[in-house]
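In: fold the following and give me the result.
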Amino acid sequence: MRLEPVIGDDPRDILRGLRSALHGAGPALGLGLVSALPGDVRPGTAVVVTTSGSTGIPKSVVLSRDALTASALATAERIGEGAWLLALPASYVAGMQVFVRAIVSGREPAVMSGTFTPQAFAAAALMMVSTEHGERIPTFTSLVPAQLTRLLDAGEHDSTVLTALRSFETILVGGQALPPVTLERAETAGVRVVRTYGSTETSGGCVYDGRPLRGVSVRVSDGEVHIAGPTLAEGYLGDPEATDAAFRREADGTRWYRTGDAGLIDDGILRVRGRIDNVIVSGGINVSLDRVERIVRGVPGLAAAVVVGVPDTRWGEASVVVATRGEALRRSESVQLEEARAAVEVEIGAHARPSRLVLVDELATLPSGKPDREAIRRVITALH
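Out: Residues are numbered from 1 along each chain as shown. You can find the predicted model right below:
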C-alpha cells in the first residue's frame with residue numbers, strides 16, 4: 001500500500017487525504033517529518049504520523065483505519081456526537097483526530113484559520129452554532145492547556161470569548177497535564193472541560209478524566225502505565241526494535257503499549273505522575289522533574305511554568321522553573337520562587353527544591369502546542 005506524504009500543514013489537504021484514507025479509497029497519509037520514510041506501508045494503514053516529540057527523537061507511528069475509527073466511536077459514546085472545530089495543527093494526532101471524529105460522524109468540521117488567537121477562536125466557535133430539526137447541534141473542540149489558559153485570560157475581559165468557550169458541549173484538553181488551577185478556573189467560568197490522556201501510539205486521547213474509553217484497558221506495571229485496546233498503533237514504521245520494545249504481546253494474546261509514564265490507579269481512576277525517564281540526579285538523589293513541575297504549577301502565577309534540569313557545579317544537576325514574564329509578574333518573582341520551593345519541600349523534600357526561577361518573554365513550543373522542553377533546557381543551560 002502506497003504512503004502519500006502531505007507537504008505542509010494545510011488542514012484542507014490533510015482533511016481531503018484523511019477522508020480518502022479512512023474510506024479505503026486512497027493511499028495512506030504521511031504527516032510530519034515524512035520525507036525519509038519508505039514509500040509503502042501495510043494494507044489497512046490510514047496514517048503515519050512522524051513527530052520529533054518533546055525530546056527531539058523522531059518516531060513514525062503507524063495508525064490503521066480500524067484504530068482511528070475505534071477511537072472516534074469511543075469518544076462519541078463517551079461525550080456525545082455533534083460538530084467539531086479544529087483549533088490545533090492537523091498534522092499532529094490531537095488535531096487529526098478532530099477530523100477523524102467529524103468524518104466518522106458524517107459532519108463537515110469547522111476549521112479555525114490562521115494563527116491561534118482568542119478572537120479567531122471565538123469567531124470560529126460562534127459561527128458553528130446551529131440547529132437541526134429544531135434542536136441545537138452540540139459542538140466540540142480539542143485544545144492544549146496553554147490554549148485554554150489563554151482563552152480564559154481573554155475571557156476575563158472579553159465576553160465574546162467567554163461566550164464562545166461556554167458554547168461547547170465539551171472541550172477536550174490534553175497533550176500535557178492540565179494544572180488544577182486552570183481546571184478550577186474553567187469550571188468557575190462555566191466551561192465544560194474533559195481532561196484526556198493518550199499519545200500518538202494510542203490514536204490520541206484514550207483515557208478521559210482518568211477513565212479509559214470503551215474497549216481500552218489500562219494497568220500500572222512496576223509503576224509504568226500500560227495501555228491495551230483497539231486504538232493502539234501498529235508500531236513504528238521501519239523500526240521493528242523500537243516497536244518490539246514499546247508494544248508487548250502477552251501469552252493471552254493481549255497487546256500492551258508501554259507508555260513510559262509513571263502512574264497509579266486510585267479507586268478506578270488513572271493518575272499519571274509524569275515521565276519515568278524525566279529524572280535528574282541532584283546530590284545523589286533522583287528527582288522527578290514532572291512531579292516538581294506539577295507542584296510548582298499550583299503556585300499562583302506559575303500555572304503554565306515548565307521545570308527543566310540543568311548542570312550544577314555543587315549538586316551535579318538542579319531543577320529550574322521557567323515562566324513567562326506576563327504570567328509571573330502578577331506577583332513578586334522572589335515570592336513566587338520561595339513559595340515554589342516551600343511547596344516542593346513539603347510534598348517531596350528539600351533535595352527537590354528548584355534552584356531558580358527564570359522569566360522569559362515566551363516559552364518555546366512544538367507545533368503541537370506542547371512546551372519544547374529540550375529547546376527550553378538548552379536556553380537555560382546557556383544562561384546558567
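In: residue 19 belongs to a helix?
Out: Yes. With DSSP: H, G, I helix; E, B strand; the rest coil as the criterion, residue 19 is located in a helix.
In: that one against residue 103, yeah?
Out: Yes. Residue 19 is within contact range of residue 103, at 5.4 Å (criterion: CB atoms under 8 Å). For the C-beta atoms, the positions are set from N, CA and C on the backbone; glycine is no exception.
In: counting neighbours, go ahead and name the busier of the two.
Out: With neighbours defined as other CB atoms under 10 Å, residue 19 and residue 103 compare such that residue 103 has more, 21 against 16.
In: packing partners of the strand or helix carrying that one?
Out: Secondary structure assignment for residue 103, by DSSP states H and E: helix 93-105. On a contact count with 3 or more CB pairs under 8 Å, 6 or more residues apart in numbering; DSSP states H and E, helix 93-105 meets helix 11-22, strand 45-51, helix 65-79, strand 83-86, strand 139-143, strand 204-208.
In: let's see it at 6 Å
Out: Identification of packing neighbours for helix 93-105 by 3 or more CB pairs under 6 Å, 6 or more residues apart in numbering; DSSP states H and E yields helix 11-22, helix 65-79, strand 83-86, strand 204-208.
In: and the closest residue to residue 171 other than its chain neighbours, how many neighbours?
Out: Counting by CB to CB, 6 or more residues apart in numbering, residue 193 is the residue found nearest to residue 171 once chain neighbours are left out, at 5.2 Å. A count of nearby residues for residue 193, using other CB under 10 Å, gives 22.
In: again, but for residue 315
Out: The number of residues near residue 315, taken as other CB under 10 Å, comes to 17.
In: next: the one 10 residues further on.
Out: Residues near residue 325, counting by other CB under 10 Å, number 11.
In: in the sheet, who's paired with the residue lying closest to it once chain neighbours are set aside?
Out: Spatial nearest neighbour of residue 325, excluding adjacent residues (CB to CB, 6+ apart): residue 359 at 4.7 Å. Residue 359 has these beta-bridge partners by DSSP bridges: residue 323.
In: need the pLDDT of residue 359.
Out: Residue 359 carries a pLDDT value of 92.
In: that one and residue 271: what is the separation?
Out: For residue 359, the distance to residue 271 (CB to CB, to the nearest Å) stands at 31 Å.
In: low-scoring stretches of the stretch 101-250 of the chain, by residue?
Out: Low-confidence segments of the stretch 101-250 of the chain, defined by pLDDT under 70: none present.
In: checking residue 317 next. Helix, strand or coil?
Out: Residue 317 - assigned by three-state DSSP - is strand.
In: need the pLDDT of it.
Out: We have a pLDDT of 84 for residue 317.
In: so it sits against residue 284, correct?
Out: No. Using CB atoms under 6 Å, residue 317 makes no contact with residue 284, being 10.4 Å away.
In: count the neighbours of residue 42 for me.
Out: Neighbours around residue 42, by other CB under 10 Å: 12.
In: so which strand or helix has it?
Out: With DSSP H and E as the test, residue 42 turns up in no helix or strand.
In: give me the nearest residue to it, chain neighbours excluded.
Out: Of all residues not flanking residue 42 in the chain, residue 1 sits nearest, at 6.4 Å (CB to CB, 6+ apart).
In: with residue 50 instead?
Out: residue 32 is the one closest to residue 50 (CB to CB, 6+ apart), at 3.8 Å.
In: and that neighbour, how far from residue 18?
Out: Taking CB to CB, one finds residue 32 at 14 Å from residue 18.
In: now the helices for this protein?
Out: Ranges of helices within the chain are 11-22, 65-79, 93-105, 118-127, 145-155, 159-166, 180-188, 240-246, 289-296, 325-328, 333-347, 373-383, based on DSSP state H.
In: for these, which one sits closest to residue 257?
Out: Residue 257 sits nearest to helix 240-246 of all those, at 6.2 Å, using CB to CB.
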